[in-house]
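# Fold the following and give me the result.
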Amino acid sequence: MAIYDRSASLRTLILSLPTVVAVAGQRVFLSAELPAGYDPKAVTTNPALTGPAILVTDRGGRPGITSILVDSIYHAECYAVDQATARALDGLLFTALHDQSSGRIRSVRCTTTGQHLVSPRTNWNIYLSVWQVTSVMA
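Okay, the predicted model is just below:
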């Protein structure tokens, strides 16, 4: 039996949100780090790695009420060249994703709304939010 990939399901759900995709395109990355070569400044010759993006990081979780449910915690970091764009992408993500469900994802809840950060290494603007995703494992 194949192992259910909760993170991939969450990415698929995010990529089904037209308002989010209108800003971030396919730049929804599942990792603890952004991919090498990423830059929030859009460059038309490299749209896969440039422009506003969302970095989704699995922070672990706990079993749910029953043994077939798991409550996972994710950080969503919205990156952009300026604070206004990062904040807008975070707002779009909240509006489109909060209280959603899809397939084996039973609920997505924002537990901490976006907080503005500036990366000390790159000086990029980031909005960090925290999400609880309840999924059916079996």
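# who touches Glu33 in this structure?
Leu55 (Cβ atoms under 8 Å, 6 or more residues apart in numbering). To be clear about C-beta, it is placed using only N, CA and C from the backbone, and glycine gets the same treatment.
# So it versus Thr19, what's the distance?
Glu33 is 26 Å from Thr19, where distance means Cβ to Cβ, to the nearest Å.
# Thr122 too?
Thr122 is 26 Å from Thr19, by Cβ to Cβ.
# residue boundaries of the helices in the protein?
For the chain, helices defined by DSSP state H occupy the ranges 6-15, 18-24, 83-97.
# among those helices, which is nearest Thr134?
Thr134 sits nearest to helix 6-15 of all those, at 9.8 Å, using Cβ to Cβ.
# Give me the mean pLDDT for that closest one.
On average, the pLDDT along helix 6-15 is 95.
# How about stretch 52-59?
pLDDT averaged over stretch 52-59 gives 97.
# outside of that stretch, which residues touch it?
With Cβ under 8 Å, 6+ apart as the test, stretch 52-59 has contacts from 6-7, 10-11, 14, 20, 23-24, 27-34, 38, 40, 42, 72-80, 85-86, 89, 93, 130.
# Please check those and keep the buried ones.
With neighbours counted using 16 or more other Cβ atoms under 10 Å, these contain these buried positions: 6-7, 10-11, 14, 20, 23-24, 27-30, 34, 38, 40, 72-74, 76-80, 85-86, 89, 93, 130.
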